[in-house]
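Participant: Have a look; sequence and predicted model below, questions after that.
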Amino acid sequence: MQTLQQSINPAYLVSKAKNQSLFTRFINWANGQEPFRYGWLGVILAAHGCFLTPATVFVVLYSGNNIWMFVTAVTVMAMSLVTNLAAMPTKITIPVFFAGILIDLAIVAISLLNGFSYF
């Protein structure tokens, strides 16, 4: 009987440890990216400064020039810039970058919906 209990308990504990939330796994992955911090810094600054923000501002300007959308797009870039220049750990900079991408996509979607109403 003792052998049966010993063989069941470790399997139960292992399967229980694997049940982590998606957010916890993401934060653990972001913590593991700490050795690649300078690579992430370059990717984030280049992606936001050279591609995402200019593309978002372009869409905002050509869909009716809503000043609040323009300000939000620039603020999202500043959010990523400040977290990187403040040398925050990757568990903060990577989620801020991905949140910035989502906000930029929402701005583009809203601007396009507003722009289609003009035609």
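Facilitator: Perfect, thanks for sending it.
Participant: alpha carbons only for contacts and neighbour counts from here, please
Facilitator: Fine.
Participant: What ranges does the protein have for its helices?
Facilitator: Listed in chain order, the helices of the chain (DSSP state H) span 2-17, 22-32, 37-46, 53-61, 67-85, 90-118.
Participant: Make a markdown table from these and add mean pLDDT and mean neighbour count to it.
Facilitator: A markdown table is the format used below for the helices of the chain (pLDDT from 0 to 100; neighbours: other C-alpha atoms under 10 Å):
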| stretch | mean pLDDT | mean neighbour count |
| --- | --- | --- |
| helix 2-17 | 55 | 9 |
| helix 22-32 | 89 | 13 |
| helix 37-46 | 93 | 16 |
| helix 53-61 | 93 | 19 |
| helix 67-85 | 93 | 17 |
| helix 90-118 | 90 | 17 |
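Participant: Centre-most residue in this protein?
Facilitator: F98 (1.2 Å; C-alpha atoms, centre = their mean).
Participant: Run through the residues that contact the nearest residue to G49 once chain neighbours are set aside.
Facilitator: Using C-alpha to C-alpha, 6 or more residues apart in numbering and skipping the chain neighbours, the partner closest in space to G49 is M77 (7.1 Å). Residues near M77 by C-alpha atoms under 8 Å, 6 or more residues apart in numbering: H48, G49, T53, G100.
Participant: what's the offset of stretch 108-115 from the middle of its chain?
Facilitator: 21 Å (C-alpha atoms, centre = their mean, to the nearest Å).
Participant: gap between Q33 and L105?
Facilitator: Look at Q33 and L105: by C-alpha to C-alpha, to the nearest Å, they are 25 Å apart.
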